[in-house]
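Participant: Provided below are the primary sequence and the corresponding predicted coordinates.
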Amino acid sequence: MRTELVVIGAGPAGLCASIEAARSDVDVVLLDENQKAGGQLIKQIHRFFGSEEHLSGVRGITIGSMLLEEAEREGVKTLFNTAAWGLFPDKTVGILRPDGVDTIRAERVVLATGALENSLAFPGWTLPNIMGAGAAQTMVNVHRVLPGRKVMIIGSGNVGLIVAYQLLQAGAEVVAIVEALPHVTGYQVHASKIVRMGVPILCSHTILRAVGTEYVEKAEIVRLDAGVKPVSGTERWLEVDLICIAVGLRPMAELAWMAGLRFGYIPELGGHVPLHDKNLQSTVPGIYIAGDAGGIEEASTAMEEGTLSGAAVASSLGRVNRKISVARIADIQRRLVMLRQGPFGNYRYEAKQHITEAYHRCEQVGNGDRYDR
Ligand SMILES: Cc1cc2nc3c(=O)[nH]c(=O)nc-3n(C[C@H](O)[C@H](O)[C@H](O)COP(=O)(O)OP(=O)(O)OC[C@H]3O[C@@H](n4cnc5c(N)ncnc54)[C@H](O)[C@@H]3O)c2cc1C
């Protein structure tokens with residue numbers, strides 16, 4: 001199969017990339033290993049926070065279907081149940097479909113594969129019913145299965161807080177949220193709602209071990225001092241049958257490694273991140289990176305980055321009048337800067353700046369600085 005643009009991943013970033021490119025008459029194939037479009041959004045039953053322009057107040061699941069309808073209206077060809085198993089520097093994409101293995105030759109590729117959950121190892125962590133918070137969320141909101149009734153969550157970021165709330169809504173008891181830092185790391189508005197519902201958020205605490213025979217039955221927790229060392233004598237046991245680990249996400253970037261993209265290590269964006277320029281083009285010409293795959297942020301930035309990559313692809317293929325394209329791209333970049341300089345500080349703006357600076361340094365010197373891997 002041949003096409004002008006392959007977009008890998010049909011989350012908010014991939015959907016917006018496809019819509020923007022197809023609007024400029026680019027032939028787009030959008031593929032996803034899931035059965036349907038939306039990425040993380042298919043399990044977000046809550047109303048989104050953020051700005052109205054980015055559909056705040058609309059449930060994540062609805063945003064996914066709205067974007068898919070728009071993509072189909074613009075003539076995007078969609079392939080679901082289709083995993084990309086390979087990406088090569090000449091922009092050939094290896095795919096696995098229900099009917100077998102195939103390849104797609106593309107002129108451009110947008111990688112919008114999203115994120116992976118980080119894990120945490122402690123004695124007993126391989127017991128059944130200890131899982132990523134995202135896995136618990138998929139079981140509850142997509143498959144309608146409550147994975148446990150007495151839950152402990154490790155990590156007080158937005159994912160931990162939102163999953164705690166959704167498990168409460170589904171009828172579970174959240175016994176505690178434990179957080180190693182001395183403060184909650186997610187938005188206060190989410191934390192306050194959960195505390196009002198009677199859930200203790202234990203800051204400066206961590207898990208020591210989990211025990212059980214067939215699945216987890218108890219967890220031992222401990223208080224941490226200012227140096228993050230366990231305080232002897234503060235150990236206690238909680239009876240739980242589910243532990244959700246919510247200790248951060250990292251970019252899902254295996255295909256980027258495979259295609260030979262260069263990476264930078266930026267902890268604020270989840271760790272190893274493919275370097276890219278301001279238009280999201282990676283260090284392999286013609287391969288672009290959008291959304292969480294290029295650094296962990298939120299759905300609003302994923303949508304804007306998707307749109308930016310789609311506009312940059314259309315421009316690089318000569319589909320848009322240069323003046324119009326420059327203005328369009330500048331407008332999206334301006335919106336991204338505004339999102340990243342929001343009320344919670346501008347660390348994401350600064351981190352993204354590091355990536356583009358490192359991208360240009362690699363281009364100029366070829367190797368050898370902190371961000372170059
Ligand atoms: C619990 C939780 C709550 C959240 N709440 C909010 C919120 O209220 N507001 C907000 O703005 N953001 C929120 N977010 C964040 C938001 O969901 C993500 O930032 C956003 O979905 C990232 O979009 P994306 O398109 O980059 O990736 P994703 O949505 O992760 O989509 C990536 C897609 O790529 C596909 N894929 C990956 N690898 C392959 C492959 N090899 N082949 C084929 N397909 C592949 C995946 O199946 C997936 O569909 C939340 C996230 C979580 C986990």
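Facilitator: Happy to help now that I have it. Numbering: from 1, shown residues only.
Participant: Show me which residues of the stretch 101-250 of the chain are close to the ligand?
Facilitator: The stretch 101-250 of the chain comes close to the ligand at residues 112-115, 134, 137, 158-159, 162-163, as judged by Cβ under 6 Å from any ligand atom. Yep, even glycine has a C-beta here, placed from its N, CA and C like the rest.
Participant: number of nearby residues for K229?
Facilitator: When neighbours are counted by other Cβ atoms under 10 Å, K229 registers 9.
Participant: Please apply the same query to K323.
Facilitator: K323 - counted by other Cβ under 10 Å - has 8 other residues nearby.
Participant: so what's it up against?
Facilitator: Contacts for K323 (Cβ atoms under 8 Å, 6 or more residues apart in numbering) come out as none.
Participant: After whichever strand or helix holds it, heading C-terminal, what element do we hit next?
Facilitator: Assigned by DSSP states H and E, K323 belongs to helix 322-340. The C-terminal neighbour of helix 322-340 among helices and strands, as given by DSSP H and E, is helix 347-365.
Participant: Distance of V175 relative to the ligand?
Facilitator: 19 Å (Cβ to the nearest ligand atom, to the nearest Å).
Participant: before we move on, what about P89?
Facilitator: Where the ligand is concerned, P89 sits at a distance of 17 Å (Cβ to the nearest ligand atom).
Participant: Looks like that residue contacts R262 (just checking).
Facilitator: No - judged on Cβ atoms under 8 Å, P89 makes no contact with R262 at a distance of 12.0 Å.
Participant: burial count for the residue in the stretch 101-250 of the chain positioned nearest to the ligand?
Facilitator: Residue of the stretch 101-250 of the chain nearest the ligand, by Cβ to the nearest ligand atom: G114 (2.3 Å). By the criterion of other Cβ under 10 Å, G114 has 22 neighbours.
Participant: thinking again about what came up before, using CSV, write down the CA coordinates of the helix holding K323.
Facilitator: Presented in CSV, the C-alpha positions along helix 322-340 are these (Å, rounded to 0.1, in the frame of the first residue of the first chain):
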residue,chain,number,x,y,z
ARG,A,322,3.1,29.6,1.7
LYS,A,323,1.7,32.8,3.2
ILE,A,324,-1.4,31.0,4.5
SER,A,325,0.7,28.1,5.8
VAL,A,326,3.1,30.3,7.7
ALA,A,327,0.2,32.2,9.4
ARG,A,328,-1.7,29.0,10.2
ILE,A,329,1.4,27.4,11.8
ALA,A,330,2.3,30.5,13.8
ASP,A,331,-1.3,30.6,15.1
ILE,A,332,-1.1,27.0,16.4
GLN,A,333,2.3,27.6,17.9
ARG,A,334,0.9,30.7,19.7
ARG,A,335,-1.9,28.6,21.2
LEU,A,336,0.6,25.9,22.3
VAL,A,337,2.7,28.5,24.1
MET,A,338,-0.4,29.8,25.9
LEU,A,339,-1.4,26.3,27.0
ARG,A,340,2.1,25.7,28.3
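Participant: looking at this, S65 is in a strand?
Facilitator: No - using DSSP: H, G, I helix; E, B strand; the rest coil, the assignment for S65 is helix, not a strand.
Participant: what's near enough to touch it?
Facilitator: Counted by Cβ under 8 Å, 6+ apart, S65 has contacts 37-38.
Participant: State the distance from it to the ligand.
Facilitator: S65 is 14 Å from the ligand, by Cβ to the nearest ligand atom.
Participant: Who has more neighbours out of P89 and R262?
Facilitator: Counted by other Cβ under 10 Å, P89 and R262 do not tie: R262 has more neighbours, with 21 against 13.
Participant: Excluding residues flanking it in the chain, which one is nearest the more buried one?
Facilitator: T283 (4.3 Å; Cβ to Cβ, 6 or more residues apart in numbering).
Participant: Could you verify my assumption that that neighbour touches L261?
Facilitator: Yes - contact criterion Cβ under 8 Å: T283 and L261 qualify, at 5.5 Å.
Participant: Pull up the overlap in contacts between those two.
Facilitator: The overlap between the contact sets of T283 and L261 (Cβ under 8 Å, 6+ apart) consists of 274-275.
Participant: Most remote residue from the middle of the chain, which is it?
Facilitator: Farthest-out residue of the chain from its mean C-alpha position, per Cα atoms, centre = their mean: G233, at 38.5 Å.
Participant: Number of residues surrounding P285?
Facilitator: Number of residues near P285 (other Cβ under 10 Å) recorded here: 11.
Participant: How about the contacts made by it?
Facilitator: P285 is in contact with no residue at all, counting by Cβ under 8 Å, 6+ apart.
Participant: one more time with 10 Å, if that's ok
Facilitator: If you count contacts by Cβ atoms under 10 Å, 6 or more residues apart in numbering, P285 has them with 89, 91, 108, 316.
Participant: what do you get for I8?
Facilitator: 14, 17, 29-33, 82-84, 87, 93, 95, 104, 106, 109-113, 255, 293.
Participant: Got the phi and psi for it?
Facilitator: Note on I8: its backbone torsions stand at phi -100, psi 110 [degrees, to the nearest 10].
Participant: pLDDT below threshold where in the stretch 51-200 of the chain?
Facilitator: 51-52 (pLDDT under 70).
Participant: how about the strands in it?
Facilitator: 77-79, 83-87, 92-97, 100-111, 115-117, 130-132, 150-154, 173-179 (DSSP state E, counting those that start in this stretch).
Participant: Would you map out the domains in this protein?
Facilitator: Here the domain parsing of the chain from automatic domain parsing is 2-116+249-365, 119-245.
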